[in-house]
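Enquirer: Sequence unavailable; structure follows:
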C-alpha cells in the first residue's frame, strides 16, 4: 500500500468578499490537489450593499445573506474566532464552539481577509451610543431600533421625548451613509401612516458629511444630484461638518451645533482589528503591507487582500496608488491570489495584481440612484434599476438572488412590515455618556440600575414637600448611587442631572440584584458603605 | 357649540388570539361609539401554531407574524407593559418607552387577555437551561441555537462535546411539543448534508411525555399514529416519563435516566403571570375566575378571556367543564365578549358563552400530520395539507397569508438556509446548574467570567508538573473564583468540577472587568480578599 501523500493545506481567514472569492478561486484552481479551509466567526457571507435595505425592512434579514457552506460546498468551513498566527510554526490559533480551549490549525499557505473594524474612540461617546452598519446583526438591530422609536413617539406624552425619538442622524456621506439614509427615509415614509400621532413634519433626518460633497468617490455632478434628491425628500444634508461627540440623548458637532436624538448611525471610522495588529506582519495605514503579488511583506507563506491589506496598484507619478476597499477589487484580488498560490506551489513566479474599476453605483432609496459606468453617468430611476440589476448579478448563490428579487417584488406591492422584535441584548454593565444638562433620571421613575460616575459631575436633587429642591448632592468620579432604591424595589425620589459632559457605568437592575444576592462580600460592602457614608436614597 | 360627549373607552390588555379578536369584534360592534385601545408589550400578533416552523427555518421569522397596527387600523395600539390595575379608580398602570415613569390610563371597560407564563421553577435548572416556545424570539432563538450546535459538532475534536451538541430533547408531548420535535427533525434532515463531519446516526432526538400517549387532546388512535411516525423518523419517544432537572450539559428524568445535551426545549409548565397575580380578582387554578358571560368575578367593569381566564362551559354531570386554551375558543370568546360589552353599555343583559370545538389538528413535519374534524380522523399527508389549509385560513391579515404561503412554496424547492445569527444576548450575570461530575472548566481554557457558588460543592484541581493533581481546593456555598485569572488575561491553570448537583452564578468576563474597573470599592474588596484568603489562581 502506498503511503498517502500529504495534501497541502490552504487556510483562508475571513468570510467577506475577499475571503469568499479567494476560497472559490482556490477551489477552482487547486481543489483537486489541496485542502481549502475557510474560517469565519459568522457562518454566512454578507453582501454589504444590501444591508441598508435590510435595515429598512425591504429585504428580510435572512434573505440578504447566504451560508458559506452552501456557497463553498467543497471547502471545509469552520465557525471559529482566530486569535493569532504563529508564522514560524505555520499555525493558526483559534477558539471555537463551547470548549473555550485554544486550538492550533496547521497551514501551508495562509490567506488573511479579515477586513477592518469600526474605530470610533476618537469621538467621545460614539462607541457607546452610535449604531454601526457592518454586518447583518447591525442592520437588523437598526431596523428594530427605528421601529421602537416610532412606537415610542406615537404614545409618549412628552414633546421632548417625541422629538428625540423622531430625529435620525447618519454620520458619513460615503456609499454606506448615503444608502442607509436613503432607505431609512423611504422606510419611515412607507410606515408612518400606521402611527396616527406622528405627523410627517415631525420626523427629522440629518446626514452629516465631513467633506464638501456626498459620495466623494463619484463625480461632483452625481454628488450634487444625490444631495438634491435627499434634500427633496426632507433630509438635512450637513456638508463640511465634523462630528465631535455623542451622548445618550444627543450628538454634538465640532462647531458646537447639537442635535437631540436617540439614533446616530455611523458609517465612518475604520481601523485595523486587534487580530491584525497582533500579527508579525508590517502594517501601513492600519492595513497589512503586501507586495504587488499580494504576499504579506516580511513573512513567508502569508497572503493578504481585501480591506485588511494595502494592495499597491501602480505609481501615479510620484504618488503610490492603492486598491480601494470595494467588492469589485476584492473579488478580482481573490482571482489573482488563487493564481499566484498555484504558481508558487508549482514553482512558477506569481504575477502582479492589475485592475481598473468598471464603475460605481449608489442607491438613494425611493426609486432613485446615481451611477457611473465606464465613464457614463446615470441618475434617477434608471440608475436605481441599474444598481439593482448589477447587484443581483454580483450576489453569490442562486437561492439568494431569487430570494432578494422576490423580496423586492413583494416590497413593491405589499405594506412594509413594522414587526418589532425585542432583542433583549442590552449588556448588564454599560457605559453611558451624558452631555451638560441632560437628565439621567427624574423623580418617580423605575431606576434602571446601579450607577458609578466615571467622569464629569452629576447633581442629585431631592424635592421637598413644597416642591422646592430639598437636599442636593454632587456625585464626582468614583461616586455611585442607586443601591438602596433597587433593594427597596421602589421608584426614584430624586432627579439626577449632568452638570458637565460626563460618563457613567450603569449596572442593570436585574443583574446587579442577582450578583448582590449571590456574592455576600459585595452585599456587605454596599451595606457598610450605606452606613458609613450615610448614603441617602435616590 | 355643543360640548363633545365623552366617548367610552375600552382597553384590551394583551395582543394574542383573545386580545386581537376581542379588539376586532369590539371595533366592529362599538367602533363608532367607543374608543378601543389595545396594549401589548410586543407590537405584533403571533400565530402560535407557526412557531415550530419558524424554529425550523421553514418560515422567515418576520413573515410568521403581523403588526397589530396593520391588523387593527382603527384601534389605538400602545406598545407598553401593564404593571397593575386600580379597579376602584378604573385605571391601568403601565410603563412605556424610554421614560420609565409609571403612567395611568383610564378605562370604562377593561378586557384582560394576557395569557399565561411559562413556570418551570418546580424542575431544578429548567429556568436556566431550557428553551421555551412561546413567542417569536423563542422560535428565532431555538433556530439559531440548533444551527450553532451543528456548526460546533462539525468542527469539534471532542467526542463528548459532539454527542451533546447533536442531542436534542423536547419536553412535553402536547401540540406544541410534538410539532416542535417534528419540525426540528425535518430541519436537521434537510441541512445535515451541509455538515460533512456529522453522520445521520450521530443525531439523537428525544421527546419526553409525562402521560401514556402523545397528543392527549386527540383520540388514542391518532396519538399512536403520531408516535409511530416520529419514531420512524428516528425520534425516541419516552412516554410515562417525568422530567426532574436540567444542568448546563444534561437533562435528568425523575426515574434517574440522564441525557447529556445542550438543547432542552420545554413546552410544559404554564402558570399565572405576576401581573395577573397582583390583580384584585379571584384566581382559580392560576387563572382569572369569570362568570359564563366572561365578567371577572368580584370586580366591576373587568372582563377576562383566553388562556388568562377560567371560562366555564357547562356542567358535565357533577364536573364543571372549562374552555380549553386554544385559538378556536379564544376567537369565539372574543366575539361573545364584544357582544356582551355592547349589551351592558346599552343596558341589556349579556349572554353566556357556549361553543363546541370543530376539531383538532397537529403537523408532524416531513409532510405528515394528524387531524380530527367533526369526528372524522385523518392522518399522513392529507392531514398535513389540511393543517396548512386551515391554518393559513385562520392566520389574520392578507399579507401574512401570502407571505407564509410563499415561504412554504419556497421551502419545497429551495435548500433550507443555515444562516446563524449571533445574537449576543447572553445576560452578564447568569445562574448555571451543574450535575455531579460535570466540568465547569478545564485547564488552559479562556475563563468565561467570575464564578460564585450558590449551592452544591465544586472541586478545583491544579495539576503539578508531573500531571498529577497538585493543589486541590473545595468551593462551597458563597465561595468564588476567577478574579485573578481574568485580571491577568490568561488561560485557566486549574480544572473545576461539580462534586454534587449545584448552582453557580457566572458574572461574564467583559462585564465583570468593566465593573471592577469602574467601581473602586469593589476592586479593593477583591484585592483585599486575594491577600487575606490567599486565593490561588485558577
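Expert: Received, thanks. This is a predicted model, so every value here is computed, not measured.

Enquirer: Find the residue ranges of chain A scoring beneath the pLDDT cut-off.
Expert: A:1-5, A:98-99, A:315-318, A:422-426, A:467, A:532-538 (pLDDT under 70).

Enquirer: closest point of the stretch 351-500 of chain A to chain B, which residue?
Expert: residue A:428 (2.9 Å; CB to the nearest CB). Every C-beta, even on glycine, is put in place using the N, C-alpha and C of the backbone.

Enquirer: can you give me phi and psi for the closest residue in space to that residue that isn't next to it in sequence?
Expert: Spatially, and ignoring its direct neighbours in sequence, residue A:428 is nearest to residue B:428 (2.9 Å; CB to CB, 6 or more residues apart in numbering or on different chains). Backbone geometry at residue B:428, expressed as degrees, to the nearest 10, gives phi -70, psi -40.

Enquirer: Could you double-check that residue B:428 sits in contact with residue A:506?
Expert: No: look at residue B:428 against residue A:506 with CB atoms under 8 Å: they stay out of range, at 11.5 Å.

Enquirer: which residues sit in contact with the spatially most central residue of chain A?
Expert: Geometric centre of chain A, nearest residue: residue A:132, 3.0 Å, by CA atoms, centre = their mean. By CB atoms under 8 Å, 6 or more residues apart in numbering or on different chains, the residues touching residue A:132 are A:118, A:138, A:265-267.

Enquirer: let's go with 6 Å and repeat that
Expert: Taking CB atoms under 6 Å, 6 or more residues apart in numbering or on different chains, we find residue A:132 in contact with A:118, A:138, A:266.

Enquirer: and if you look at residue A:441?
Expert: A:492, A:496.

Enquirer: what about residue A:408, how many neighbours?
Expert: 14 (other CB atoms under 10 Å in any protein chain shown).

Enquirer: List the buried residues of the helix or strand harbouring it.
Expert: Using DSSP states H and E, residue A:408 falls within helix A:398-413. Across helix A:398-413, burial judged by 16 or more other CB atoms under 10 Å in any protein chain shown covers A:399-404, A:407, A:410-411.

Enquirer: what's the following helix or strand after it?
Expert: Using DSSP H and E, the helix or strand that directly follows helix A:398-413 along the chain is strand A:429-434.

Enquirer: packing partners for that following strand?
Expert: Counting contacts by 3 or more CB pairs under 6 Å, 6 or more residues apart in numbering or on different chains; DSSP states H and E, strand A:429-434 packs against strand A:502-508, helix B:509-518.

Enquirer: TSV please, covering these and showing mean neighbour count.
Expert: Below are the helices and strands packed on strand A:429-434 laid out as TSV (neighbours: other CB atoms under 10 Å in any protein chain shown):
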stretch	mean neighbour count
strand A:502-508	23
helix B:509-518	20
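
Enquirer: just the helices in the stretch 101-250 of chain A please.
Expert: A:126-129, A:136-155, A:159-165, A:175-191, A:220-232 (DSSP state H, counting those that start in this stretch).

Enquirer: How far off centre is the shortest one?
Expert: Which is helix A:126-129. 11 Å (CA atoms, centre = their mean, to the nearest Å).

Enquirer: Show residues contacting that helix.
Expert: Everything outside helix A:126-129 that qualifies as a contact, by CB under 6 Å, 6+ apart, is A:120, A:246, A:248, A:431, A:433.

Enquirer: What are the buried residues along that helix?
Expert: Neighbour count says helix A:126-129 has A:126-127, A:129 buried, by 16+ other CB under 10 Å.

Enquirer: I figured residue A:440 was touching residue A:499, is that so?
Expert: No: taking contacts as CB atoms under 6 Å, residue A:440 lies outside contact range of residue A:499: 11.2 Å.

Enquirer: picking up where we left off before, contacting residues for the residue nearest to residue A:428?
Expert: Residue B:428 touches A:427-428, A:511, B:508, B:511, counting by CB under 6 Å, 6+ apart.

Enquirer: now these in TSV, with distance to residue A:307?
Expert: Formatted as TSV, these follow (distance: CB to CB, whole Å):
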residue	distance to residue A:307
A:427	27
A:428	32
A:511	36
B:508	30
B:511	30
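
Enquirer: For residue A:232, give its distance to residue B:204.
Expert: To residue B:204, residue A:232 is 60 Å away according to CB to CB, to the nearest Å.

Enquirer: Looking at these two, which is more packed in?
Expert: residue B:204 (17 against 10).

Enquirer: Touching, the more buried one and residue B:168? I think so.
Expert: No: applying CB under 6 Å, one finds residue B:204 not in contact with residue B:168, separated by 7.2 Å.

Enquirer: and the residue lying closest to residue A:14 once chain neighbours are set aside, what is it in contact with?
Expert: Distances taken as CB to CB, 6+ apart put residue A:113 closest to residue A:14, at 3.7 Å, once the chain neighbours are dropped. Shown in contact with residue A:113 (CB under 6 Å, 6+ apart): A:14, A:18-19, A:305-306.
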